[in-house]
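> Predicted coordinates and the sequence they were generated for:
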Amino acid sequence: MKVEDEVRDVIKFIQKLGKPNADGKMVLTFGEYFGSDEVQNTLENPFATLKAAKKRGVIDFEGEMLWQGQHNHVELILLNPDF
């Protein structure tokens, strides 16, 4: 699967599993994302795909690295749903 296709999958997961924040942007916590069986079964490397999506301006999250458990509360914010 190409990186762009996996980035589109991240968009779908945030839209499906997330909720709108006060600004109307869809958000999903890293813990919810990483804990999703659908995410784990679809993406080859869920964290690398998040980094690729952030680099392309599709999502944003605080920091550069996210660690399961330690960063479960960090919000993944969908910036460009039309990627």
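Nice, I can see it.

> what about residue 59, neighbour count?
28 (other CB atoms under 10 Å). (Each C-beta comes from the backbone N, C-alpha and C, glycine too.)

> Looking at strand pairing, list the partners for it.
With DSSP bridges applied, residue 59 shows beta-bridge pairing to residue 78.

> Which elements pack onto the longest helix belonging to the chain?
As assigned by DSSP state H, the longest helix anywhere in the chain is helix 3-17. Here helix 3-17 touches strand 26-29, helix 30-35, helix 37-42, helix 46-55, strand 75-78, going by 3 or more CB pairs under 8 Å, 6 or more residues apart in numbering; DSSP states H and E.

> For residue 66, find the nearest of these.
Among the helices and strands packed on helix 3-17, helix 30-35 comes nearest to residue 66, with 5.0 Å by CB to CB.

> What are the buried residues along the closest one?
30, 32-34 (16 or more other CB atoms under 10 Å).
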